[in-house]
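S.K.: Sequence plus the predicted model coming up.
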Amino acid sequence: MSKYVIMMVGKTHSGKTTFGYNLEKAIKNSVVLQTDPISLFIQENFSVDIDPDFEYNGEFKNPALKFKLFSSIFDHILELKKYTLVLSNSNMYHKARTEMISKIRNHGYRVIGIFINYPDEFLLNRIKKSNRDAKYLNLSNSFQEVLLRQRNLFIEPRKEEFDVLFEINSENQIHEIQDKITEPVLEKLS
């Protein structure tokens, strides 16, 4: 069977992490990778801010430490060639996505994209109801700020970027798409 990387694409509070962990349960030998836990690790283990964030614009010039650690773990998992990798970051910049996808394919993996494309009003409503801790946000003071910034910077994925691209426009589609990315379905795609 071919190995896959499943790349989530979506704005804050779109459910990328929850979807990713549900896939991890459904797909044998899979692992979820994201920057939020890395950022929390840095904050919790160092008494000073050794990773000042900055306006990340998809360039890999002088990235923050959390991105460097993410990249090292990402490269390591690809080199192992034995896991289905689920990337649950926003992956909102076309240039960064393209570079990651190129690296993924160079390691012999196929790429499945999942674009969670909820309206901003729906996401703002989710943010208002959320209990999600904002302590790892360095650049923004709130998730509302994150969403407003993403609204201006987000570049929607194109079908040709991926081997397969699924788009989710409503919560009703979550289980349908999740069922399409199970172990037996991945075997059929190979």
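M.R.: Perfect, I can see it now. Fair warning: this is a prediction, and the values are worked out from it, not measured in the lab.

S.K.: Give me the residue ranges of the chain where confidence is low.
M.R.: Residues of the chain meeting the criterion pLDDT under 70: 1-2, 51-62, 133-141, 183-190.

S.K.: mind listing what residue 85 touches?
M.R.: When contacts are counted by CB atoms under 8 Å, 6 or more residues apart in numbering, residue 85 touches 4-6, 30-31, 33, 74, 77-78, 109. Every C-beta, even on glycine, is put in place using the N, C-alpha and C of the backbone.

S.K.: scratch that, residue 30
M.R.: By CB under 8 Å, 6+ apart, the contact set of residue 30 is 23-24, 83-86.

S.K.: quick check: longest helix of this protein.
M.R.: The longest helix of the chain (DSSP state H) is helix 65-80.

S.K.: For the chain, just list every one of the helices.
M.R.: Here the chain has its helices, by DSSP H, at 16-26, 36-45, 65-80, 94-106, 120-129, 143-153, 174-180, 183-189.

S.K.: can you list those in TSV and add distance to residue 114?
M.R.: Converted to TSV, the helices of the chain look like this (distance: least, CB to CB, whole Å):
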stretch	distance to residue 114
helix 16-26	7
helix 36-45	18
helix 65-80	17
helix 94-106	13
helix 120-129	16
helix 143-153	17
helix 174-180	7
helix 183-189	13
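
S.K.: Could you say which of those helices is packed most deeply?
M.R.: For the helices of the chain, the largest average neighbour count (mean count of other CB atoms under 10 Å) is found in helix 16-26, namely a mean of 17.

S.K.: got the CA coordinates for that helix in PDB?
M.R.: Coordinates of the C-alpha atoms in helix 16-26 are reproduced here as PDB (Å, rounded to 0.1, in the frame of the first residue of the first chain):
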ATOM      1  CA  LYS A  16      -8.800  20.400  11.800                       C
ATOM      2  CA  THR A  17      -7.300  19.000  15.000                       C
ATOM      3  CA  THR A  18     -10.400  17.100  16.000                       C
ATOM      4  CA  PHE A  19     -10.800  15.700  12.500                       C
ATOM      5  CA  GLY A  20      -7.100  14.800  12.500                       C
ATOM      6  CA  TYR A  21      -7.300  12.900  15.700                       C
ATOM      7  CA  ASN A  22     -10.400  11.000  14.500                       C
ATOM      8  CA  LEU A  23      -8.500  10.000  11.400                       C
ATOM      9  CA  GLU A  24      -5.600   8.900  13.600                       C
ATOM     10  CA  LYS A  25      -8.000   6.500  15.400                       C
ATOM     11  CA  ALA A  26      -9.400   5.200  12.100                       C
END
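
S.K.: what's it packed up against?
M.R.: In terms of contacts (3 or more CB pairs under 8 Å, 6 or more residues apart in numbering; DSSP states H and E), helix 16-26 is packed against strand 4-10, strand 30-33, strand 84-87, strand 110-116, helix 174-180.

S.K.: mind giving me TSV with these and columns for distance to residue 46?
M.R.: Shown next, in TSV, are the helices and strands packed on helix 16-26 (distance: least, CB to CB, whole Å):
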stretch	distance to residue 46
strand 4-10	28
strand 30-33	21
strand 84-87	25
strand 110-116	32
helix 174-180	37
